[in-house]
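1. okay, sequence plus prediction incoming.
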Amino acid sequence: MQDIQFPVNFDFNISTFANDFTAKDSNGTTIAYVRQKMFKLKEEISVFDNESKTKVNYKIKADKWLDFSTAYSFYDNRNREFGKVVRKGWKSIWNAHYEIINEHQKQQYIINEKNPWIKVLDSLVGEIPVLSFFTGYLFNPTYLVKDSQGKTVVELRKLKSFFGKKFEVSKTGILDTDDDDRIMLSLMMFVLLERRRG
């Protein structure tokens, strides 16, 4: 996923039992089909080149069983690890907090919510029968990817949609092309986890 044409749209498939979505660039070209294996103690995600699932470009694997603070490592098609995203447990209760780590085990970026109150309202309304179906239209949080200087380089927005199934990734700052894969895979794992949490 080098030289990505932003914005990129994530569109979840709500007609299957799997947790899966398609990622398309600004030209409408599919850059990835993401599928999470269900009913596994250790989470594992396959990132295919398209919906036909003929070629696996990346794997994302959890380092622990279902846990509050877990690292999700990235592997290329030669099974080489080249980074990870780490969910910081207690920090993520109020404000989603993830760290993107490079292949040298150094933190490069963090992912945070722009306004944590939106997620709180989304979760509260989501508990109300009938209204829960429409939270995808009412509350749409934005998440920021920041570099080590605190500058926002990428923004992930939940778009208005039924069942909250659409997200958009936009580039807002200068981004090293070597980091495209790590950031995009981090956001793919992030959205799988945060969408499930509400």
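-> Great, that's in hand. Residues are numbered from 1 along each chain as shown.

2. which outside residues touch stretch 154-163?
-> In this structure, residues lying in contact with stretch 154-163 by CB atoms under 8 Å, 6 or more residues apart in numbering are 12, 14, 111, 133-134, 136-137, 140-145, 164, 166-173, 175, 183, 187, 190-191. The C-beta positions use only the backbone N, C-alpha and C, and glycine is treated the same way.

3. which of those residues count as buried?
-> Under a neighbour-count criterion of 16 or more other CB atoms under 10 Å, the subset of the contacts of stretch 154-163 counted as buried comprises 12, 111, 136, 140-141, 143-145, 164, 166-169, 171, 175, 183, 187, 190-191.

4. low-scoring stretches of this protein, by residue?
-> For the chain, the stretches with pLDDT under 70 are 16-17, 40-41, 65-68, 89-94, 116-139, 162-164, 196-198.

5. all the helices of it, in order from the start?
-> Secondary structure of the chain (DSSP state H): helices at 91-94, 116-126, 135-138, 180-197.

6. give me the distance from the last one to the chain's centre.
-> Computed by CA atoms, centre = their mean, to the nearest Å, the chain-centroid distance of helix 180-197 equals 1 Å.

7. contacts for that helix, please.
-> With contacts defined as CB under 8 Å, 6+ apart, helix 180-197 is touched by 1-4, 8, 10, 12, 19, 21, 23, 32, 34, 36, 45, 47, 58, 60, 72, 74, 82-83, 85, 87, 96, 98, 100, 102, 108-109, 111, 123, 143, 145, 153-154, 156, 164, 167, 169, 175.
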